[in-house]
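Participant: Next one to model:
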Amino acid sequence: MTIFYLDTSALVKNYITEKGSGWVKTLLASERTPRVFTSHLSVVEATCALARRRREGTMTPEGHVQILTALDYDFTYRYNLIEVTPTVIDTARLLANRHPLRAYVFELNFRR
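Facilitator: Predicted structure coming up:
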């Protein structure tokens, strides 16, 4: 089984068309659907990103509601949500020293 961690910017590409959307949509629609993990904070961040697009007029109010409905469904039934705990942050730091990772959780660590 393939496992992916997708940050908010990657997840949003599944719901709106932007650079990289094709790759994310293909990944999530593949016959070997991967287990997708994301931070619990992605729920809020994705909602903010979509609300900003609605406010800017690049998304209709109806489209916004449809995408939020799909996003809520996926967060509930499709994605595995990870709480950002000190253990998760410490593990991510260890992995970053072993692999060429770029991760959002590191930013959280320094914002505290």
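Participant: Send me stretch 13-26 as CSV with only the CA atoms.
Facilitator: Output in CSV follows, covering the C-alpha atoms of stretch 13-26 (Å, rounded to 0.1, in the frame of the first residue of the first chain):
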residue,chain,number,x,y,z
LYS,A,13,-5.2,21.1,-5.9
ASN,A,14,-7.7,18.2,-5.9
TYR,A,15,-10.6,20.7,-5.7
ILE,A,16,-9.5,23.6,-7.8
THR,A,17,-7.5,23.8,-10.9
GLU,A,18,-4.0,25.2,-10.6
LYS,A,19,-0.4,24.1,-11.3
GLY,A,20,0.0,20.5,-10.0
SER,A,21,-3.7,19.7,-10.0
GLY,A,22,-3.4,17.0,-12.6
TRP,A,23,-0.8,15.1,-10.7
VAL,A,24,-2.8,15.2,-7.4
LYS,A,25,-6.0,14.2,-9.1
THR,A,26,-4.3,11.4,-10.9
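Participant: how far does that stretch sit from the chain's center?
Facilitator: 12 Å (C-alpha atoms, centre = their mean, to the nearest Å).
Participant: Could I get the average pLDDT for it?
Facilitator: Rounded to a whole number, the mean pLDDT of stretch 13-26 is 92.
Participant: Scan the helices and strands of this structure for the one with the lowest mean pLDDT.
Facilitator: helix 104-111 (a mean of 38; mean pLDDT, DSSP states H and E).
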